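Trainee: Need the 3D shape of this:
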Amino acid sequence: MEIVGEVVLSVSLELLFSKLASSDLWKYARQEHVHTELRKWKTRLLEIREVLDDAEDKQITKQHVKAWLAHLRDLAYDVEDVLDEFGYQVMRRKLVAEGYAASTSKVRKFIPTCCTTFTPIQAMRNVKLGSKIEDITRRLEEISAQKAELGLEKLKVQIEGARAATQSPTPPPPLAFKPGVYGRDDDKTKILAMLNDEFLGGNPSVVSIVAMGGMGKTTLAGLVYDDEETSKHFALKAWVCVSDQFHVETITRAVLRDIAPGNNDSPDFHQIQRKLRDETKGKRFLIVLDDLWNEKYDQWDSLRSPLLEGAPGSKILVTTRNKNVATMMGGDKNFYELKHLSDNDCWELFKRHAFENRNTNEHPDLALIGREIVKKCGGLPLAAKALGGLLRHEHREDKWNIILASKIWNLPGDKCGILPALRLSYNHLPSHLKRCFAYCALFPQDYEFKKEELILLWMAEGLIQQSNEDEKMEDLGDDYFCELLSRSFFQSSGSNKSQFVMHDLINDLANSIAGDTCLHLDDELWNDLQCPVSENTRHSSFICHKYDIFKKCERFHEKEHLRTFIALPIDEQPTWLEHFISNKVLEELIPRLGHLRVLSLAYYKISEIPDSFGKLKHLRYLNLSHTSIKWLPDSIGNLFYLQTLKLSCCEELIRLPISIGNLINLRHLDVAGAIKLQEMPIRMGKLKDLRILSNFIVDKNNGLTIKELKDMSHLRGELCISKLENVVNIQDARDADLKSKRNLESLIMQWSSELDGSGNERNQMDVLDSLQPCSNLNKLCIQLYGGPEFPRWIGGALFSKMVDLSLIDCRKCTSLPCLGQLPSLKQLRIQGMVGVKKVGAEFYGETRVSAGKFFPSLESLHFNSMSEWEHWEDWSSSTESLFPCLHELTIEDCPKLIMKLPTYLPSLTKLSVHLCPKLESPLSRLPLLKELQVRGCNEAVLSSGNDLTSLTELTISRISGLIKLHEGFVQFFQGLRVLESLTCLEELTISDCPKLASFPDVGFVGTSFVCLALGSRMGRIPEWPPQDSNPSPRLKDDKVLSCVSKRAASYNPNKGGDPELLKFGV
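Mentor: Numbers count the residues shown, from 1 in each chain. Below is the predicted model of the structure:
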């Protein structure tokens, strides 16, 4: 059952009133002699707004009221289109005035021709617009007159409700809020037991969780998947959200992506299957297939075929609503039927959401009402969460009683079609959130989306309205999103924590609310060329395919009122997929859709777009990311309303339109990954409203200097400034005024790699010194800087919020900057600093008073490609460390480093030392070290192993002089053990050590390994384990791969012996 009401209208009318409040618009209307009509519109709209709340209530039971609201909704869209047309003309006239006020004709030539000429076509458009204005006036009069016939009245609480609807949302909880799970401990224990059962049948065997929607199947599967016991029991894990579209290839690639990232880019599906077979062969794995509907056995058999050679005990965990699916995949005995929550557990879940940070004992009356509400939830966790989220910030009993006594609880299922609890949760959303939520009906079930992308779409559709100039649309959108998340309309993705999804029942709710206003064409409808598009449809989306011909899109040909045309996904598509769209769609269809606000053609193999795209004057959002576009036509400068232009990963893009300075409303310009883009157009400095500018390329040939950044005071997020060698005038760098960019979070400064650096060191020093950013910065990267030293601001006390710092290929610098005093620094990467010979006082902080005051927060430190580095000065004492919080240390390709490493690193858990052949100091005083990798080093590094009792993973490689592992070093092997109650991944890998002739007799006794791998060039290794070792080491979940030593290879537990010896990894 579709509910129209406030989903569009309350917010839409407020938007119209906001536009009608513009003095510039009224000035234009008087010049065009339409101000009388606008005055009538405003009067009628005010009258209609007074009865909207009454209409929303009555539409549930009165079809005539529902139809009246639908007509009003369509009329509101048409009014907005006309007002936006007026607004466009206002901007056009301002641009013309500014251009002709300029002192030179150089600026005037960038004014679009449409702004300076009046053609017969424009005259016809004006006649058409005049006719539309008259039609809108007539329709408004009719709709207003029908109020009395329908018995619509102004409600007493209407004024108060309207005021509340326009207020900003209550501050939501942070995204890190975890509501907890209640009443599922026993279910979790039983599922874990089934997964650990080695004799369940089949390999891999299938365990299914079966229940109706909203019962928490995915939540339970997530609990099991993330459990520490599961992580230790299974060597590989993957999670795939399947939904009702069962594509064997897509699922196979998703599984491979999880277990072997970066290994699924082949276009050949059979090769992908072979890779998956190779990755899972002989290994115990767990694969979750979430929300499965498919009942076709042949498709299931095709999906399973590469998984048949996994180690015994491998499992596939399925969540489904359909018992037939569970039976088909795993048999009658291998599924677990999830029951409803008890009233007590449901109450605990509801209470967690509704009474966050409040004590129920202090609100006994609310608790009493809440328990009655919970009884109506029927034991469904989703319903309890949704209603709890709805009432989280509500303290008044009357509001709780309104929910309890709502008529919606009594609607018959066939009339409602949606869980009453979800409908109630939606009905009591603030108006500004209702329309934002309904817009999400564009997404298919289980579609994963990013918060930032959805906010940009909301902005483009006018769904985020500022009540004052100090409010930023992006921040308001973030508030809206967090509020919907906290009310359980969105939830974190199970497979990607940086993305979000809607529960399929919530998705059904969004579709019910949006009705035919939003249309998502799934694969079946997209390929059905006869499927019509409603006249009421304003927003559309579809999943792009390899070939999208014009016939598929022809159904939109007469839908000139369409506002949204999105090819999904918007972002994060596999690189191996190729998509093609007919040129006829670009040249004939899209230019006809003159009211588009949102257009996304990402991932299509488009090399150019026609000039006619410049006619889409209402466009706010244009996404051409991951296309083959080479340039944009200069007519793009006509899109004065454009807010977002996404061109990320357009690897063929060579230039931006010279008219880009006309885009005065542009807020997001993303050209990240456009590797062939070598310059920016002039007049970039006109884009004063920019929030996101991924890359600014300095050019000295066309007059674009770095001072164009001066007025971009709203920049936020990450900014990369490249080709800094083209900054000739130091004053230009000062004029860029990076200090004023208070919202910038990350800054990348790049010089060019082909620069030889001769004669310009002083200039580069002055440039970097003049580009001091705002102290709010938390991430900084400096690449290919050619000065001999760093300015004092790097590492200065002002940058107390700096968390991440990288210095890359600054080859002329002979010393590191003083960084030890940065209180918040957590990540530090130093690479290619070939002029540095010593790291010491200049790095830590000048004086050696107390080591404990240096690098107080540093967690990760990487040194790489430091070809001349010889000495690392250690200021650690017996009780204080230079790096008290350091968790990870990597030293790679430092061939001259001789002196010892810091002797006391109390928090270090991972140490990697690669290609440091002169480093001779043994490792010591690393009490928490869990993972150690030593490659291409001197064997003396392994001469001692004091305080390594926490080590669980050791890799030794390319140590040509290593003859044996010294007993003093091997004592720590007692730490390589398997807990009695759990299995855990413990690895010893030794390869490319041709002189290694023996293991010590001590250290291995009684040790349990999950993985012992002896790689290539190990020809002198004797028989191991020794025949007289008692007890002998136990090996689990390992696989014989290859070994030069026949004696080692002969130790194959699969041929009998100790049952603990399952496989031996060589």
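Trainee: all contacts plus neighbour counts: C-alpha atoms, from now on.
Mentor: Fine.
Trainee: now the helices for the stretch 801-950 of the chain?
Mentor: All helices of the stretch 801-950 of the chain, identified by DSSP state H, counting those that start in this stretch, fall at 841-844.
Trainee: what's near enough to touch Ser752?
Mentor: 722-725, 784 (C-alpha atoms under 8 Å, 6 or more residues apart in numbering).
Trainee: try 7 Å this time
Mentor: Listed by C-alpha atoms under 7 Å, 6 or more residues apart in numbering, the contact set of Ser752 reads 723, 784.
Trainee: pLDDT of the biggest helix by length in the chain, averaged?
Mentor: Across the chain, the longest stretch assigned as helix under DSSP state H is helix 63-101. The average pLDDT within helix 63-101 is 88.
Trainee: buried sites along that helix?
Mentor: Going by neighbour count (16 or more other C-alpha atoms under 10 Å), the buried part of helix 63-101 is 65-66, 68-70, 72-84, 86-92, 95, 99.
Trainee: again with stretch 294-308
Mentor: 294-295, 300, 303-304, 306-308.
Trainee: In helices, which of those residues fall?
Mentor: 300, 303-304.
Trainee: Sort out which one of the residues you listed lies nearest Leu387 for me.
Mentor: Of all these, Trp300 has the smallest distance to Leu387: 37.8 Å, by C-alpha to C-alpha.
Trainee: what residues go with each domain of the chain?
Mentor: 5-166, 185-337, 341-429, 438-507, 522-683, 698-792 (automatic domain parsing).
Trainee: Just send the ones you listed back as CSV, with distance to Gly832 too.
Mentor: Below are the domains of the chain laid out as CSV (distance: least, C-alpha to C-alpha, whole Å):
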stretch, distance to Gly832
domain 5-166, 44
domain 185-337, 26
domain 341-429, 50
domain 438-507, 32
domain 522-683, 22
domain 698-792, 9
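Trainee: mean pLDDT lowest for which of those domains?
Mentor: Minimum mean pLDDT among these: domain 5-166, a mean of 78.
Trainee: from the chain's centre, how far out does that one sit?
Mentor: 36 Å (C-alpha atoms, centre = their mean, to the nearest Å).
Trainee: same deal with stretch 735-745?
Mentor: The answer for stretch 735-745 is 26 Å, by C-alpha atoms, centre = their mean.
Trainee: How about stretch 640-660?
Mentor: The mean C-alpha position of stretch 640-660 is separated from the chain mean by 22 Å, C-alpha atoms, centre = their mean.
Trainee: what's the closest non-adjacent residue to His340?
Mentor: Gly379 (4.8 Å; C-alpha to C-alpha, 6 or more residues apart in numbering).
Trainee: returning to what we had before: between the domains of the chain, which gets nearest to Ser815?
Mentor: domain 698-792 (6.9 Å).
Trainee: And that closest one, end to end?
Mentor: Terminal residues of domain 698-792 are spaced 24 Å apart (C-alpha to C-alpha, to the nearest Å).
Trainee: repeat for stretch 464-480
Mentor: End-to-end for stretch 464-480, by C-alpha to C-alpha: 9 Å.
Trainee: Please identify the buried residues of it?
Mentor: For stretch 464-480, by 16+ other C-alpha under 10 Å, it's 464-465, 472-474, 476-480.
Trainee: Of these, just say which sits nearest to Gly214.
Mentor: Tyr480 (23.5 Å).
Trainee: Please enumerate the strands of the stretch 351-500 of the chain.
Mentor: Using DSSP state E, counting those that start in this stretch, the strands of the stretch 351-500 of the chain run over residues 491-492, 500-501.
Trainee: looking at those strands, which is buried most?
Mentor: Ranked by mean neighbour count, these are led by strand 500-501 with a mean of 22 (mean count of other C-alpha atoms under 10 Å).
Trainee: Work out the gap between that one and the centre of the chain.
Mentor: 10 Å.
Trainee: which residues are in contact with stretch 401-409?
Mentor: By C-alpha under 7 Å, 6+ apart, stretch 401-409 touches 369, 373, 420.
Trainee: you'd agree Leu13 is in a helix?
Mentor: Yes: assessed by DSSP: H, G, I helix; E, B strand; the rest coil, Leu13 belongs to a helix.
Trainee: can you give me the strands for the stretch 601-750 of the chain?
Mentor: Counting by DSSP E, counting those that start in this stretch, the strands of the stretch 601-750 of the chain are 621-623, 644-646, 668-670, 692-693, 695-697, 716-722, 743-750.
Trainee: Give me the contact list for the last one.
Mentor: Contacts with strand 743-750, where a contact means C-alpha under 7 Å, 6+ apart, come from 714-724, 777-784.
Trainee: Can you flag the buried ones in those?
Mentor: Among the contacts of strand 743-750, those classed as buried by 16+ other C-alpha under 10 Å are 714-716, 718-724, 777-784.
Trainee: where does the stretch 851-1000 of the chain dip in pLDDT?
Mentor: Applying pLDDT under 70 to the stretch 851-1000 of the chain flags residues 851-852, 876-879, 899, 922, 943-947, 963-988, 997-1000.
Trainee: if we can go back for a sec, check the buried residues of stretch 294-308 against Ile455 and report the nearest one.
Mentor: Nearest to Ile455 among the buried residues of stretch 294-308, with distances taken as C-alpha to C-alpha, is Asn294, at 33.3 Å.
Trainee: Can you verify my assumption that Asn776 contacts Arg742?
Mentor: Yes: judged on C-alpha atoms under 7 Å, Asn776 makes contact with Arg742 at a distance of 6.2 Å.
Trainee: Tabulate the ones in helices among the buried residues of stretch 294-308 (a markdown table), appending distance to His35.
Mentor: Formatted as a markdown table, those follow (distance: C-alpha to C-alpha, whole Å):
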| residue | distance to His35 |
| --- | --- |
| Trp300 | 65 |
| Leu303 | 65 |
| Arg304 | 68 |
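Trainee: circling back to that earlier point, can you tell me which of the buried residues of stretch 464-480 is nearest Glu229?
Mentor: Nearest member of the buried residues of stretch 464-480 to Glu229, counting by C-alpha to C-alpha, is Asp478, at 35.9 Å.
Trainee: Switch the strands of the stretch 601-750 of the chain over to a markdown table; also include distance to Pro633.
Mentor: Below are those laid out as a markdown table (distance: least, C-alpha to C-alpha, whole Å):
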| stretch | distance to Pro633 |
| --- | --- |
| strand 621-623 | 13 |
| strand 644-646 | 13 |
| strand 668-670 | 16 |
| strand 692-693 | 20 |
| strand 695-697 | 20 |
| strand 716-722 | 24 |
| strand 743-750 | 29 |
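Trainee: looking at these, which is buried most?
Mentor: strand 621-623 (a mean of 22).
Trainee: Please name every helix or strand in contact with that one.
Mentor: strand 598-600, strand 644-646 (3 or more C-alpha pairs under 7 Å, 6 or more residues apart in numbering; DSSP states H and E).
Trainee: in its sheet, what does that strand sit against?
Mentor: According to DSSP bridges, strand 621-623 forms sheet pairs with strand 598-600 (parallel), strand 644-646 (parallel).
Trainee: Distance to Asp893 added to those, as JSON lines?
Mentor: What follows is those, written out as JSON lines (distance: least, C-alpha to C-alpha, whole Å):
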{"stretch": "strand 598-600", "distance to Asp893": "45"}
{"stretch": "strand 644-646", "distance to Asp893": "38"}
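Trainee: So which of these is nearest Leu822?
Mentor: The nearest among the strands paired with strand 621-623, by C-alpha to C-alpha, is strand 644-646 at 35.1 Å.
Trainee: I appreciate the help and will end here.
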